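Engineer: build me a model from this:
(one chain, ligands or ions: 3)
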Amino acid sequence: MRMNIKKVKAVYFSPCKSTGKLTERIAFRVAKLLDVPAEIIDFTLPKARENKYLFKKDELAVFGLPTYAGRIPNKILPFVKEGFLAESTPAICIVTYGNRSFDSSLTELLSETGNNGFKALALSAWPCRHVFSDKIAIGRPSEEDLKKADYFAERARDLIKKYKSADDIKSPSIPGKEEVLPYYSPKKDDGEPAVFLKAKPKTDSGKCINCGVCASVCPMGSVSYKNFSEVNGICIKCQACIKNCPEQAKYFDDEAFLSHVRMLENNFTAKKEPEIYI
Ligand SMILES: Cc1cc2nc3c(=O)[nH]c(=O)nc-3n(C[C@H](O)[C@H](O)[C@H](O)COP(=O)(O)O)c2cc1C
Ligand code: SF4
Ligand code: SF4
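Structural biologist: Ligands and ions are numbered 1, 2, ... in the order given. Next up, the predicted model:
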């Protein structure tokens, strides 16, 4: 008897879509190789996080999270802890990052999914466009990255075929990243700490056409539907409102934030490769 997977679920948080693109590519590729259906659980928007999601033993979960400050986005962590329940469900964990470092995000995702009853059999980290800049890892995930994602999916399928049951899965380790470290502290271009926790996007009223797209894509539900230039709740700096505004009316002008972006552009443009742990 071999492990029998009947469905693959792509499960992700992805305000600016890179994480979703890679997670879906991997999940749908594995599903095709196993000849089973795939479905998407996109928990980017607040409404999707009102549910709890149950996973069966004969399903495969492919989790995708972006790296924020070297970890899983901290405002999303409570949902990652409480929103998913598994019974020894096999899993694949992937993270994306903006070409600086994924630091502890993959280790944290492995640990949190493990706490919820998932058995991760393959892990990977993917350099992607940094949502803060149009100069860092632009165009990634590229076609070449997506082909590597297919290769990773094939290796994961080989592992699924190898195991007799999910209880036998031995999760891979991430050499040098065994521990979850404290959050990364962003730096300004002079090396001093960049403090922009309270920064919020501004709106150019001369450009805004009041279409409401920014409010509909905010993962925190923080852009006011009464006045689209108002951000009432928490802003996690995800950039979804900025990237999706059809009129380029949204922008950040916080000096510490802009200085951090310059620091990233000065130091983290050299091409990085995806890392696979199986
Ligand atoms: C608040 C915030 C913090 C980030 N921190 C990091 C980081 O520590 N290291 C890194 O390389 N990229 C970092 N990034 C970049 C994202 O990880 C990267 O752009 C990711 O692919 C975005 O995923 P998405 O397109 O699915 O939203 C950060 C992005 C945001 C919004
Ligand atoms: S998406 Fe842009 S144009 Fe549309 S309401 Fe928001 S700021 Fe205005
Ligand atoms: S307001 Fe902040 S959290 Fe909401 S979409 Fe814009 S950048 Fe993201």
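Engineer: what helix or strand does L264 sit in?
Structural biologist: Assignment of secondary structure by DSSP states H and E places L264 within helix 255-267.
Engineer: so what does the next helix or strand after that helix touch, helix or strand wise?
Structural biologist: Downstream of helix 255-267, the next assigned helix or strand under DSSP H and E is strand 275-277. Applying 3 or more C-beta pairs under 8 Å, 6 or more residues apart in numbering; DSSP states H and E, one finds that strand 275-277 contacts strand 118-127. C-beta coordinates here come from the backbone N, C-alpha and C atoms, glycine included.
Engineer: returning to that earlier point: now do the buried residues in the helix holding L264.
Structural biologist: Within helix 255-267, the residues that count as buried by 16 or more other C-beta atoms under 10 Å are A256, F257, L258, S259, H260, V261, M263, L264, E265.
Engineer: who touches the closest residue to the fourth one other than its chain neighbours in this structure?
Structural biologist: Going back to what we said before, that points to S259. Among residues not flanking S259 along the chain, K188 sits closest, at 3.9 Å (C-beta to C-beta, 6 or more residues apart in numbering). Shown in contact with K188 (C-beta atoms under 8 Å, 6 or more residues apart in numbering): A194, A256, S259, H260, R262, M263.
Engineer: now flag whichever of the buried residues of helix 255-267 is closest to ligand 2.
Structural biologist: F257 (18.1 Å; C-beta to the nearest ligand atom).
Engineer: what sits closest to the closest one if chain neighbours are left out?
Structural biologist: Setting aside the residues directly before and after it, F257 is nearest to F196 in space (C-beta to C-beta, 6+ apart), at 4.0 Å.
Engineer: hang on, the one you found packs against D253?
Structural biologist: No. Applying C-beta atoms under 8 Å as the test, F196 and D253 come out as separate, 10.9 Å apart.
Engineer: neighbour count for those two, which is higher?
Structural biologist: Taking neighbours as other C-beta atoms under 10 Å, F196 and D253 compare with F196 leading, 20 against 9.
Engineer: which SSE is that one in?
Structural biologist: If you go by DSSP H and E, F196 is not part of any helix or strand.
Engineer: and the residue in the stretch 51-200 of the chain that ligand 3 sits nearest to, how far from G98?
Structural biologist: Here the residue of the stretch 51-200 of the chain nearest ligand 3 is K200; by C-beta to the nearest ligand atom that distance is 6.3 Å. The gap separating K200 from G98 is 20 Å, by C-beta to C-beta, to the nearest Å.
Engineer: between those two, who's got more neighbours?
Structural biologist: Neighbours around K200 and G98, counted as other C-beta under 10 Å, are more numerous at G98. The numbers are 24 against 17.
Engineer: so who does the more buried one touch?
Structural biologist: Contact analysis of G98 by C-beta under 8 Å, 6+ apart lists T67, P127, C128, R129, H130, V131, F132, S133, I136, A137, L264, F268.
Engineer: the last one: neighbour count?
Structural biologist: Think F268. Here the count is done by other C-beta under 10 Å, and F268 has 19 residues near it.
Engineer: ok, of the contacts of K188, which one's closest to ligand 1?
Structural biologist: H260 (9.5 Å).
Engineer: got any ranges where the stretch 101-250 of the chain has weak pLDDT?
Structural biologist: The stretch 101-250 of the chain contains no residues with pLDDT under 70.
Engineer: helices of that one, residue ranges please.
Structural biologist: Taking DSSP state H, counting those that start in this stretch, the helices of the stretch 101-250 of the chain run over residues 105-115, 143-162, 213-217, 240-244.
Engineer: does any part of the third one sit near ligand 1?
Structural biologist: Read it as helix 213-217. No. Remark: helix 213-217 sits outside contact range of ligand 1, by C-beta under 6 Å from any ligand atom, the gap being at least 10.7 Å.
Engineer: give me the contact list for that helix.
Structural biologist: Residues outside helix 213-217 that contact it (C-beta under 8 Å, 6+ apart): 15, 45, 203, 223-225, 228, 240-241, 244-246, 250.
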